[in-house]
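**Student:** here's my sequence, what's the structure:
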Amino acid sequence: QVQLVESGGGLVQAGGSLRLSCAASGRSFSPYLMGWFRQAPGREREFVAAINWRGGTTDYPDSLKGRFTISRDVPKNTVYLQMNSLQPEDTAVYYCAHKTINTGWRDNGRASTYDYWGQGTQVTVSS
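**Tutor:** As a prediction, the model looks like this:
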């Protein structure tokens with residue numbers, strides 16, 4: 001099993017920044033990829049970022065490139081999401097996810113291909 005615990009969410013004004021963390025543990029922790037997703041009320045879960053655990057290659061949807069940055073600390077089994085220039089539309093619950101198997105780079109944004117999820121952390125951006 002793998003346990004993922006997100007932290008760092010909160011309330012921030014538009015234009016501000018937040019850094020989310022996801023601490024991983026468990027015997028089965030062996031990711032090919034770690035990802036961040038978000039879900040706003042009434043909306044589907046949305047891909048935010050992913051990072052190849054071994055090589056550090058990153059992936060983002062075009063809409064978030066330049067504002068969000070994913071990184072990892074391998075010895076600490078921790079993945080981070082730096083979010084800058086936040087806007088009210090970034091308000092959502094942010095989830096960390098673990099993918100064990102490489103199903104192809106094009107699948108990075110497919111939530112169904114991730115096998116472990118954290119409980120989420122709320123990010124609220126006020127206007």
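
**Student:** CA atoms for contacts and neighbours, from now on please.
**Tutor:** OK.

**Student:** distance of the closest residue in space to residue 45 that isn't next to it in sequence from residue 46?
**Tutor:** What sits nearest to residue 45 in space, not counting adjacent residues and going by CA to CA, 6 or more residues apart in numbering, is residue 39, at 4.5 Å. Here the criterion is CA to CA, to the nearest Å. By it, residue 39 lies 6 Å from residue 46.

**Student:** next: residue 11.
**Tutor:** 20 Å.

**Student:** what about the two, which has more around it?
**Tutor:** Using other CA atoms under 10 Å as the criterion, residue 11 and residue 46 rank with residue 46 on top: 18 against 13.

**Student:** ok, that one touching residue 38?
**Tutor:** Yes. Under the contact definition of CA atoms under 8 Å, residue 46 touches residue 38, with a separation of 5.2 Å.

**Student:** how about the strands in this protein?
**Tutor:** Along the chain, the segments classed as strands by DSSP state E run 3-7, 10-13, 18-25, 33-39, 46-52, 58-59, 68-73, 78-83, 92-99, 116-117, 121-126.

**Student:** among those, which comes closest to residue 108?
**Tutor:** strand 46-52 (6.6 Å; CA to CA).

**Student:** for that closest one, name the packing helices and strands.
**Tutor:** Other elements packing on strand 46-52 under the criterion 3 or more CA pairs under 8 Å, 6 or more residues apart in numbering; DSSP states H and E are strand 33-39, strand 58-59, strand 68-73.
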